[in-house]
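J.: I would like the atomic coordinates for the input below:
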Amino acid sequence: MVAFENRTVVPKHVLIRHLDGESVLLNLQTERYFGLDSTGTRMWQHLAESPSIKDAYEKLLEEFEVEPVLLRSHLSELLSNLVQNGLLNVEPADVGTTPSV
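T.: I've put the predicted structure just below:
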């Protein structure tokens with residue numbers, strides 16, 4: 001299970017196309033694609049833009065009427081599938097940031 005304190009990074013070899021609220025992700029290295037419905041697309045967008053998975057999760061809780069445990073489960077499942085297919089990388093949230101003094 002991925003720690004929600006980490007962050008996600010979209011690899012450079014991933015091509016993303018948004019179509020009518022849905023998305024298609026293509027891994028250019030493996031030539032495999034992955035389709036996301038509108039909910040999966042919102043999850044993807046928040047994961048790709050947020051400083052941590054936890055921040056993405058909290059934004060999704062505000063956006064959707066869903067039980068927190070169910071959202072956490074669905075987000076974890078999607079994240080695992082994306083990482084497994086080389087469509088997202090998970091890194092510590094503090095990598096690449098300047099430490100505060």
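J.: so what's the closest residue to residue 85 other than its chain neighbours up against?
T.: With sequence-adjacent residues excluded and distances taken as C-beta to C-beta, 6 or more residues apart in numbering, residue 85 is closest to residue 34, at 5.8 Å. For every residue, glycine as well, the C-beta is placed using N, CA and C. When contacts are counted by C-beta atoms under 8 Å, 6 or more residues apart in numbering, residue 34 is found next to 24-27, 81-82, 85, 87.
J.: Among the residues you listed, find me the one that's closest to residue 55.
T.: Here the nearest of those to residue 55, counting by C-beta to C-beta, is residue 82; it sits at 16.9 Å.
J.: That closest one against residue 88, yeah?
T.: Yes. Here residue 82 lies in contact with residue 88, judged by C-beta atoms under 8 Å, at a distance of 4.2 Å.
J.: shared neighbours of these two, which are they?
T.: Overlap between the contact sets of residue 82 and residue 88, as judged by C-beta under 8 Å, 6+ apart, is given by 8, 47.
J.: circling back to that earlier point, which among the contacts of residue 34 gets closest to residue 7?
T.: Proximity to residue 7 was ranked across the contacts of residue 34 by C-beta to C-beta; first place goes to residue 82, at 13.4 Å.
J.: check which helix or strand covers the most centrally placed residue in the chain.
T.: Averaging the C-alpha coordinates of the chain gives a centre point, and the residue nearest to it by C-alpha atoms, centre = their mean is residue 47 (3.4 Å). Per DSSP states H and E: residue 47 is located in helix 38-49.
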